[in-house]
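Chemist: Got a sequence here, can you model it:
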Amino acid sequence: MIRRLSSITIILIAVAFLLTTIKIGHAYEDVGVSVTIKGKRSFKAKKAAKMKAQKQAITNYLKRVSPAAVGSSCEKQLLDDRAVLIQRVTAQGFAQLDNAFEASYLVRIDDEKLNYRLEELGCGSQSGAAEVVMLIMEEPPTKGDIAMILNSADASGTRKLRGLGPFVIFYTSYQRAIRDSIIEGANREGLKLTRLDTISDFQRMKMSNDDPLVGVYFDNDTEEFAINRRLTSIVKNKFAAKNTIILYYRIASLYFDQVSRKLSVTLSISLHDLNSGETKSVGSQEFVSMIPEGQPGLAIRDGLADVASNAASLLMNRAKKEARRMSSMAQAKTRSVNPSTANVYVKLNSKRTMYNLKKKLSDNMVQNSRIDGENLVISLAAGVTSDEFVFERLLAVLEGMGINIPDKNIQFKESKCFIEQ
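Modeler: Residues are numbered from 1 along each chain as shown. Next comes the predicted model:
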């Protein structure tokens, strides 16, 4: 009896340790950068190069995950916060080129913290030229993917479970566990996933009271996992006009081996751009756990929900990057369709002066304006370019207020313009 309890304890400790490791693990991304500092190689030059490399790494990262944030007050805030966003900086090499010192570094960025901070600042990958909506839905498994391996001689202490019965009864529990784990992982990375069951227009499409509305249910008449066709059709119609990315998960396999007491799940995730039709798979992830003998059937149900949830959490480490890439592509497409949309960022010595400037610019060239951090952000009307507005309207207003802006303080970058007093 003591030996049996000891083995159970060891199993439970091992499983608990594995689950804890998954939950506390932080994702990161290594960004390689090269910087140049004027002068000779020295301790002071190395220190300046290291600081410049950290800033450049954050900017390079932003160009990929949230291009709209580059050059904005969000980027400035992230650069100020770099001490908590960068895990480490590793020197790769140094070179002296005439009167310039060149250094290359590998900068490790805390993926989770940076994207969460982006979301807090309102500059995440889903905001910018257009809002990007991300939905979470399911692709149906097959009965062959879900099974229980039984052996009556080894079933002592546990209610005999046969066929698909237990999976069918508790299937919505697995769906919710997977969905919640994916959403939690996405939120940690600064991504916002929309749950259809939180939208009133979709409530009437539930196939049961506890249907999580991910698009799949078990049809008791055909005894097959089926797609809620009415739901998927309305999703496509309702979100067709928006930049919409659907994150699909699929239970590739889910089973309990009553002989070895092993719980196992394999999940796969793919992302589909509803507008472009592009679909990208990020692969599959397996997770295994053990249930000691003598545990009730509910422990098996909860255990299967846990392994499914943890597999989803691991898989999101890969899915997040693809989600951001697709979101950035959708933003770029919107900007190419509406190239006339432009923003002008004005930084003056006084916020009161910026507010007065804001009131003087309420004309047909300006769509809207707001004070955001240290800048007055002016969004121009359709068809108005940033250079046209700056040289024909803005500088004249500033001069009328007694403010002269030197040419070196006016910088154009694509459809944006940055002006500093």
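Chemist: What is the neighbour count of the closest residue to Asn409 other than its chain neighbours?
Modeler: In space, Asn409 comes closest to Glu420 once its chain neighbours are excluded; the distance is 4.8 Å by CB to CB, 6 or more residues apart in numbering. No exception for glycine: its C-beta is placed from N, CA and C like everyone else's. Burial of Glu420 is recorded as 16 neighbouring residues (other CB atoms under 10 Å).
Chemist: which stretches of the stretch 51-200 of the chain form helices?
Modeler: 73-80, 82-85, 111-121, 165-188 (DSSP state H, counting those that start in this stretch).
Chemist: so which of these gets nearest Met137?
Modeler: Nearest to Met137, of all the helices of the stretch 51-200 of the chain, is helix 165-188, at 9.3 Å by CB to CB.
Chemist: list the helices and strands that closest one packs on?
Modeler: With contacts taken as 3 or more CB pairs under 8 Å, 6 or more residues apart in numbering; DSSP states H and E, helix 165-188 sits against helix 111-121, strand 132-139, strand 146-149, strand 193-194, strand 216-219, strand 243-257, helix 297-337.
Chemist: what does the shortest one rub up against?
Modeler: Residues external to strand 193-194 that are found in contact with it (CB atoms under 8 Å, 6 or more residues apart in numbering): Val133, Met134, Leu135, Ile136, Ile182, Ile183, Ala186, Asn187, Leu247.
Chemist: Off-centre distance for it?
Modeler: Remark: strand 193-194 is offset 10 Å from the chain centroid, using CA atoms, centre = their mean, to the nearest Å.
Chemist: Can you give the strand pairings for that strand, parallel or anti for each?
Modeler: strand 132-139 (parallel) (DSSP bridges).
Chemist: Put the alpha carbons of the strand it pairs with into PDB.
Modeler: Taking Å, rounded to 0.1, in the frame of the first residue of the first chain, the C-alpha atoms of strand 132-139 are listed here in PDB:
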ATOM      1  CA  VAL A 132      -8.400  43.500 -37.400                       C
ATOM      2  CA  VAL A 133     -10.900  41.100 -35.800                       C
ATOM      3  CA  MET A 134      -9.800  37.700 -34.700                       C
ATOM      4  CA  LEU A 135     -12.300  35.000 -34.100                       C
ATOM      5  CA  ILE A 136     -11.800  31.500 -32.500                       C
ATOM      6  CA  MET A 137     -13.600  28.500 -34.100                       C
ATOM      7  CA  GLU A 138     -13.200  24.800 -34.300                       C
ATOM      8  CA  GLU A 139     -12.700  22.300 -37.100                       C
END
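Chemist: what angle do it and helix 297-337 make?
Modeler: 140 degrees (axes from the mean of the first three to the mean of the last three CA atoms, to 10 degrees).
Chemist: got the contact list for strand 132-139?
Modeler: 125-126, 175, 178-179, 182-183, 186, 191-196, 214-216, 232, 235, 239, 242-251, 270, 323, 327, 330-331.
Chemist: And the pLDDT at the spatially most central residue of the chain?
Modeler: The geometric centre of the chain, computed from its C-alpha atoms, lies nearest to Leu191 (CA atoms, centre = their mean), at 3.3 Å. For Leu191, the model assigns a pLDDT of 82.
Chemist: Torsion angles phi and psi at it?
Modeler: When read as degrees, to the nearest 10, the backbone of Leu191 gives phi -110, psi 140.
Chemist: How much space separates it from Gly294?
Modeler: 41 Å (CB to CB, to the nearest Å).
Chemist: Low-confidence ranges, the protein, go.
Modeler: Within the chain, the stretches with pLDDT under 70 are 1-27, 68, 127-130, 147-167, 296-297, 331-332, 334-341, 362, 414.
Chemist: Tell me if I am right that Phe287 is in a strand.
Modeler: Yes: read with DSSP: H, G, I helix; E, B strand; the rest coil, Phe287 is one of the residues of a strand.
Chemist: what's the helix or strand where Glu388 lies packed up against?
Modeler: Here Glu388 sits within helix 386-389, counting by DSSP states H and E. Contacts defined by 3+ CB pairs under 8 Å, 6+ apart place helix 386-389 against strand 343-347, strand 375-380, strand 416-420.
Chemist: and if we set it to 6 Å?
Modeler: For helix 386-389, not one helix or strand is in contact under the criterion 3 or more CB pairs under 6 Å, 6 or more residues apart in numbering; DSSP states H and E.
Chemist: list the buried ones in that helix?
Modeler: By 16 or more other CB atoms under 10 Å, the buried positions in helix 386-389 come out as Ser386, Phe389.
Chemist: Likewise for stretch 260-277?
Modeler: Neighbour-count burial for stretch 260-277, counted by 16+ other CB under 10 Å, picks out 261-274.
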